[in-house]
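S.K.: Pasting the sequence and the predicted coordinates here, then a few questions.
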Amino acid sequence: MTSTDTVVGFDVALIERARKGDSRAFERLYRDHVGRVHGLCLRMTRNPDQAADCAQDTFIKAWKALPRFEARASFSTWLHRIAVNTVLEKRRGPANSELVVEDPTEYEAETSVTLDTPVEEEELEAAIASLPQGARDALVLCGVYGYEHSEAATMLGIAVGTCKAQLHRARGLLRDRLERGVR
């Protein structure tokens, strides 16, 4: 048994207890996962207050939907999907009704970001935060959290080709900003 199996097994036991109404078990799941969920929300919203609201809403939705959790994906993947949907719902709200449509055909094949000089974590986070929303979302989900293009596209409600184009765009913009020191 690997350490991953132990963590997964531990989550499964907590999930089963939480499904039966054990709020302490759900509280433990919350403590184990809130950091990554909040980080995802923060990277997508670029706003600490909105990120905190989205993370909180994610766990409220997860608590309510827990009886329907089928464990086809890991609990953390399920939470991430809820978090992404929560962020997207907030964006579509009345205060965030601006819609930007981008043409995915204007981008070439995917490239990776390679820099000649090392970059500080704060500089990297600032550069990611400065990316346009669609590019940032694709980069966060695929480049930071490691989701496949198809998974990220499903979460974001976009075509796989659009996700690939947005990731390519994000990497190019990120490379340019980091090389120039622009945040």
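M.R.: Nice, thanks for sending it over. All of these numbers come straight from a predicted model, not from anything done at the bench.
S.K.: next one: whichever strand or helix holds residue 51 to chain centre, how far?
M.R.: Applying DSSP states H and E as the criterion places residue 51 in helix 48-65. With Cα atoms, centre = their mean, to the nearest Å as the basis, helix 48-65 stands 13 Å off its chain's centre.
S.K.: most centrally placed residue in the protein?
M.R.: Nearest residue to the geometric centre of the chain (Cα atoms, centre = their mean): residue 40, 4.1 Å.
S.K.: Now do the contacts for that one.
M.R.: 80, 83-84, 140, 145 (Cβ atoms under 8 Å, 6 or more residues apart in numbering). Yep, even glycine has a C-beta here, placed from its N, CA and C like the rest.
S.K.: These into JSON lines, with extra columns for neighbour count?
M.R.: Formatted as JSON lines, the contacts of residue 40 follow (neighbours: other Cβ atoms under 10 Å):
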{"residue": "80", "neighbour count": "23"}
{"residue": "83", "neighbour count": "27"}
{"residue": "84", "neighbour count": "25"}
{"residue": "140", "neighbour count": "23"}
{"residue": "145", "neighbour count": "18"}
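S.K.: Kindly indicate which of these lies nearest residue 49.
M.R.: Proximity of the contacts of residue 40 to residue 49 (Cβ to Cβ) peaks at residue 83, which lies at 15.7 Å.
S.K.: shouldn't that closest one be in contact with residue 59?
M.R.: No: if you go by Cβ atoms under 8 Å, residue 83 and residue 59 don't touch, sitting 9.1 Å apart.
S.K.: shared neighbours of these two, which are they?
M.R.: residue 37.
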